[in-house]
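**Q** Give the three-dimensional model of this entry:
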Amino acid sequence: MLPVVRARLKQAQQALGRTTDLLAEGRDMGTAVFPDAPCKFFLDASPEVRARRRVDQLAALGRPADYATILAAICRRDDQDRNRAEAPLTAAPDARTIDTSTLTEDAVVAAIVAAARA
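**A** Numbers count the residues shown, from 1 in each chain. Purely as a prediction, here's the structure:
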């Protein structure tokens with residue numbers, strides 16, 4: 001993303017966050033966009049699990065995909081995101097990390113809700 005576009009988007013997101021309660025999802029929400037958010041989560045899963053989920057998602061749409069190709073793309077993106085100069089992908093120091101590799105969607109939601117209420 002172009003730095004000027006990223007800066008404008010970040011300003012708009014932060015302005016919205018000042019006027020209302022919100023739930024924000026994204027790779028740098030807890031570190032770059034809302035570093036002072038009172039409740040942060042970093043959801044993670046192994047690349048293999050994420051690749052399998054993506055293959056299954058595409059198959060459900062009638063779009064068969066090659067697992068090895070998807071896995072390689074995920075690994076490339078992870079490497080690029082973790083090593084980019086602007087807002088690299090990392091968990092905020094005060095974020096709760098949840099490994100979703102073995103969890104259902106309902107279990108992830110339950111873990112987030114329980115932690116947010118604590």
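**Q** how about the helices in the chain?
**A** In the chain, the helices defined using DSSP state H lie at 3-19, 47-60, 67-83, 105-117.
**Q** could these be laid out in CSV, adding mean pLDDT?
**A** Output for these, formatted as CSV (pLDDT from 0 to 100):
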stretch, mean pLDDT
helix 3-19, 93
helix 47-60, 98
helix 67-83, 97
helix 105-117, 95
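**Q** can you tell me which residues contact residue 41?
**A** The contact partners of residue 41, by CB atoms under 8 Å, 6 or more residues apart in numbering, come to 30, 95, 96, 97, 98, 112, 115. For every residue, glycine as well, the C-beta is placed using N, CA and C.
**Q** Pick the most deeply packed of the helices of the chain.
**A** Greatest average neighbour count among these goes to helix 47-60 (a mean of 15), per mean count of other CB atoms under 10 Å.
**Q** now residue 82: how far from residue 97?
**A** Distance of residue 82 to residue 97, computed by CB to CB, to the nearest Å: 15 Å.
**Q** meant to ask about residue 52
**A** On the measure of CB to CB, residue 52 and residue 97 end up 21 Å apart.
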